[in-house]
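Undergrad: need a 3D model of the sequence below.
(chains A and B)
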2 protein chains.
Amino acid sequence: MSDSRKHVVIVGGGFGGLWATRALASAEVRITLIDRRNHHLFQPLLYQVATAGLSAPDIAAPLRHILRKQKNVEVRLGEVTGIAADARQVRLADGDVIDYDYLLLASGATHAYFGHDEWADDAPGLKTLDDALHIRRRVLLAFERAEAAETEEERSAWLHFAVVGGGPTGVELAGTLAEISRKTLRREFRRIDPAQARVRLIEAGPRVLANFPESLSEKARAQLQRLGVEVATGTPVAAIDARGYQLGAEFVPARTVLWAAGVAASPLGALLDAPRDRAGRVLVEPDLSVPGHPEIFVAGDLASVKQANGQPVPGVAPGAKQMGAYVASAIRARLGRRAVEPFRYVDFGNLATIGRRAAVVDLRGFKFSGFIAWVFWLAAHVFFLIGFRNRLIVMLNWSWAYFTYQRHARIIFGTGEPARTDAPVPPP
Amino acid sequence: MSDSRKHVVIVGGGFGGLWATRALASAEVRITLIDRRNHHLFQPLLYQVATAGLSAPDIAAPLRHILRKQKNVEVRLGEVTGIAADARQVRLADGDVIDYDYLLLASGATHAYFGHDEWADDAPGLKTLDDALHIRRRVLLAFERAEAAETEEERSAWLHFAVVGGGPTGVELAGTLAEISRKTLRREFRRIDPAQARVRLIEAGPRVLANFPESLSEKARAQLQRLGVEVATGTPVAAIDARGYQLGAEFVPARTVLWAAGVAASPLGALLDAPRDRAGRVLVEPDLSVPGHPEIFVAGDLASVKQANGQPVPGVAPGAKQMGAYVASAIRARLGRRAVEPFRYVDFGNLATIGRRAAVVDLRGFKFSGFIAWVFWLAAHVFFLIGFRNRLIVMLNWSWAYFTYQRHARIIFGTGEPARTDAPVPPP
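TA: Just a heads-up that it's a prediction; the model follows:
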């Protein structure tokens, strides 16, 4: 159909891409939103899916459903495999070529192993729902294997859970694993005592939650230890394999190592002919456009942007949302031939949960921790979750879990293999 | 540890195995419950997971959790690969050998393709949570592919959903698919109209729900048609491949074919040296024991048992539960050297749902259908679901879905592949 409206192509339905899309609802443009997955994911709660506290659909919503009433958007499930900036085209894996007038790349970040990709199988990371289900399976199976183990050595290797990386995700995972072993699984096993599990959080730097003020890092460490987590700082993990990990001079047998240490920008950044930082983030102009291509923007974790104080904008949801909304306003300004102010990140503060009744909050210098911080964290996360139904269900699940210590999603599935008919059974 | 109690090994944590386990709670035995999966699954609602109305953990509960307070049970995650009846041992895939005094095989059924195993990939069946997620992905992706299709032919093949088999599962799937295409997805697509999807239920026999009285089959057909399902009876599907299916002389292009036609007993039955019927079910004695082995019992879908009227006990949850409880009482009787009455199936009736406000119920000749039957069906299923939390969540989800037509679990995931770091991106 002929259409005189400018075509905005947005790659990625995360916080950056979705907020840009919504902010263009009343603009005289047509939008194509492309994502490899059919859903927007509320990543801040992904660790809850990995630790069996929430079901996958509780923290995700189909992009089509979110945008069903926004008439100027078409949602396309697809994977971008090429960008021809001069021709203003993106290419999809299925061969389709899509023309654009404006392009927003907001494909986020993935986990990175700092040149040790061989660790990926033995130390899974957490970025997608499939990652979360994979970690859930690994953790639940570890307790099963410990129960069936024949030697004390085997048993203790299955009961050693190491989380590499002391940022918010590592802290959340370690705190929740400690709760699972000490509370949730109580009385369910006959040969092992799950409470004997060792949960160890390993941070190469001097403290956990390095982005927080030092006093809150200290609080976080104390709260982790109270929950039963061993915190090891100051030494990087030197090697990981299926049997365990190397920390300093010691090789520690551990069957479950989770990776929460490294983040790298989405590989789509490499499709642009633009300068990138060491993590692969695109070094954008003050208006988030790509140098030499004012019609291409980058937002969210894929963009390397500095705040006024010289610090980088952190890779958190508010940063991505603000960038997405800003790019929408920049496109509107271009359409109206108006100038735009440079992007300015507004820092509302920083919060991280540690586990049951434990969290730290830093609201521009107003710091608190413990139970109050935890309630604040809960409220903020329920408030920002997309969809009234999801809010309701998550609150219900959390209330349930709080009073019973139970985690309802302790179901092992998602191997991707449908059950086979007539599965062969070897003779005895 | 030395233990003078007899050892009962129960294979399968479905309705048969779990009900037997519970009924032995106060018996002077120790029990080992072995299952390949860590959860009991409420199979009657599995089609709801396949059609994105419920999350997987809503209809499953960890066996360990269900049985945590029953001190005489040990739950073992494992796959039985051999039975040495003379030595009274079962062997597991991990090499472990477990001695028993009494053995109950209750490993259920799987889907069968009547000698056409080559259809399995193109016509997935529904028995496990992984099957359900697989079907969910297929169905949701079909609409996405239709939206991206370049030709009218492709589009209509992606929008043709065929369900093979007019039993309760086939009827439920077809009814729900019609609702999804006509209501749930409304306004979400820009190029296709999901309501144009063809949903076809194919039954080789003369009528759907052949286990019900003929008048209810007629009612079911009328209700299906009102929901938008085409019902094709009297002709079997002759071939299925990735492009479509052959029905009589006609090859029908269809990208989504679901299999609800055939059931075969679990392959574990073949490990016994015992007579079996054509579907692989073990022909048991009147006390559900295996001929020549009074210490081995079979219950649930794996057992071939006749009712007093000569009809086979149907493969439904109440049948399996009754057999499980009966085997427990038979074992107690053996321990006390008492005789047992033969197993007698008590038929409480038969119910099947068809879709929104449509169901048929036959309570020993007291027949009704439509809205009242649907409410009855809902109430019965919520009542029998294990776990108060699951009941609450399922009711909440159903109420939500009823008023909004929404299905919250329309999230594509569970490919089993964790996201890879540094995924290669081919050049444009």
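Undergrad: can you pull out the low-pLDDT segments for the stretch 151-300 of chain A?
TA: By pLDDT under 70, the stretch 151-300 of chain A has no low-scoring segment.
Undergrad: show me which residues of it are close to chain B?
TA: Within the stretch 151-300 of chain A, the positions adjacent to chain B are A:185, A:187, A:188, A:189, A:190, A:191, A:264, A:267, A:268, A:270, A:271 by C-beta under 8 Å from any C-beta of the partner chain. The C-beta positions use only the backbone N, C-alpha and C, and glycine is treated the same way.
Undergrad: go through those and say which is closest to residue A:378.
TA: Among those, residue A:185 lies closest to residue A:378 (C-beta to C-beta), at 23.3 Å.
Undergrad: nearest spatial neighbour of that closest one, chain-adjacent residues omitted?
TA: residue A:194 (3.9 Å; C-beta to C-beta, 6 or more residues apart in numbering or on different chains).
Undergrad: the one you found and residue A:187 touch, don't they?
TA: No: contact between residue A:194 and residue A:187 fails when scored by C-beta atoms under 8 Å: they sit 9.3 Å apart.
Undergrad: the two: which has the busier surroundings?
TA: Of the pair residue A:194 and residue A:187, residue A:194 is the one with more neighbours under other C-beta atoms under 10 Å in any protein chain shown, namely 19 against 12.
Undergrad: list the contacts for that one?
TA: For residue A:194, the contact set (C-beta atoms under 8 Å, 6 or more residues apart in numbering or on different chains) comprises A:143, A:159, A:180, A:181, A:182, A:185, A:186, A:188.
Undergrad: got it, and residue A:156?
TA: Counting by C-beta under 8 Å, 6+ apart, residue A:156 has contacts A:198, A:253.
Undergrad: repeat that for residue A:92.
TA: A:34, A:76, A:78, A:79, A:80, A:81, A:98.
Undergrad: thinking again about what came up before, backbone dihedrals for the residue nearest to residue A:185, both of them.
TA: Per-residue torsions, residue A:194: phi -50, psi -30 (degrees, to the nearest 10).
Undergrad: likewise residue A:40?
TA: Taking degrees, to the nearest 10, you get phi -80, psi 140 for the backbone angles of residue A:40.
Undergrad: could you look up the SS state of the closest residue to chain B within the stretch 51-200 of chain A?
TA: Among all residues of the stretch 51-200 of chain A, residue A:82 sits closest to chain B, at 2.5 Å; criterion: C-beta to the nearest C-beta. Here residue A:82 takes the strand state, with states given by DSSP: H, G, I helix; E, B strand; the rest coil.
Undergrad: can you give me the helices in chain A?
TA: Secondary structure of chain A (DSSP state H): helices at A:15-23, A:46-50, A:63-66, A:129-148, A:152-158, A:168-179, A:214-227, A:317-335, A:371-384, A:388-404.
Undergrad: turn these into TSV, columns for distance to residue B:117.
TA: TSV is the format used below for the helices of chain A (distance: least, C-beta to C-beta, whole Å):
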stretch	distance to residue B:117
helix A:15-23	43
helix A:46-50	35
helix A:63-66	36
helix A:129-148	27
helix A:152-158	36
helix A:168-179	42
helix A:214-227	50
helix A:317-335	47
helix A:371-384	47
helix A:388-404	40
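Undergrad: no further queries at this time; thank you.
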